[in-house]
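Chemist: no FASTA, just this:
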Ligand SMILES: [Zn+2]
């Protein structure tokens with residue numbers, strides 16, 4: 001097993017998490033506000049704009065998947081099929097599905 005360090009958010013805070021509508025990455029609203037989306041900030045421009053975070057992310061998602069090796073992971077490839085304009089997924093936690 002690899003020693004990748006993608007962290008899975010603790011359950012008690014799970015309800016506060018939001019998934020990016022474009023790449024499905026899961027972060028806290030504070031992370032989206034501070035850093036934007038690590039994959040599609042260029043398109044979404046959520047950093048510093050809570051209003052855009054409300055529009056561009058969702059709290060409605062089914063389960064989560066962790067991508068710790070974007071090059072090798074079939075999950076990452078599958079996620080990528082949904083993301084026409086994104087070349088690379090960041091190592092992180094993603095929503096398995098969302099509305
Ligand atoms: Zn994104």
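Modeler: Great, that's in hand. Computed from a prediction, not measured in an experiment: that's the story for all the values here. Residues are numbered from 1 along each chain as shown.
Chemist: going forward, measure contacts between C-alpha atoms and count neighbours the same way
Modeler: Will do.
Chemist: in stretch 28-48, what counts as buried?
Modeler: Residues 28-33, 36-40, 44-47 are the ones in stretch 28-48 that count as buried (16 or more other CA atoms under 10 Å).
Chemist: all helices of the protein, in order?
Modeler: For the chain, helices defined by DSSP state H occupy the ranges 29-35, 41-44, 50-56, 74-81.
Chemist: circling back: from the buried residues of stretch 28-48, which is closest to residue 62?
Modeler: Among the buried residues of stretch 28-48, residue 28 lies closest to residue 62 (CA to CA), at 16.2 Å.
Chemist: so what pLDDT did that closest one get?
Modeler: For residue 28, the model assigns a pLDDT of 93.
Chemist: now do the phi/psi pair for it.
Modeler: Dihedral pair for residue 28: phi -80, psi 160, per degrees, to the nearest 10.
Chemist: near the ion, list only the ones from the buried residues of stretch 28-48.
Modeler: With CA under 5 Å from the ion as the criterion, these include 37, 39-40 near the ion.
Chemist: let me have these in CSV, extended by pLDDT and distance to residue 56.
Modeler: Below are those laid out as CSV (pLDDT from 0 to 100; distance: CA to CA, whole Å):
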residue, pLDDT, distance to residue 56
37, 95, 10
39, 92, 13
40, 92, 11
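Chemist: between the residues you listed, which sits nearest residue 90?
Modeler: Of all those, residue 90 sits closest to residue 39, with 6.3 Å by CA to CA.
Chemist: how about stretch 52-68: buried residues?
Modeler: Neighbour-count burial for stretch 52-68 [16+ other CA under 10 Å]: 52-53, 56-59, 61, 64-68.
Chemist: and that stretch, average pLDDT?
Modeler: Mean per-residue pLDDT for stretch 52-68: 86.
Chemist: any chance of the ones next to the ion among the buried residues of stretch 28-48 in JSON lines, with distance to residue 23 too?
Modeler: Formatted as JSON lines, these follow (distance: CA to CA, whole Å):
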{"residue": "37", "distance to residue 23": "9"}
{"residue": "39", "distance to residue 23": "7"}
{"residue": "40", "distance to residue 23": "7"}
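Chemist: from what I can see residue 17 touches residue 29, true?
Modeler: Yes - with contact defined as CA atoms under 8 Å, residue 17 counts as touching residue 29 (6.6 Å).
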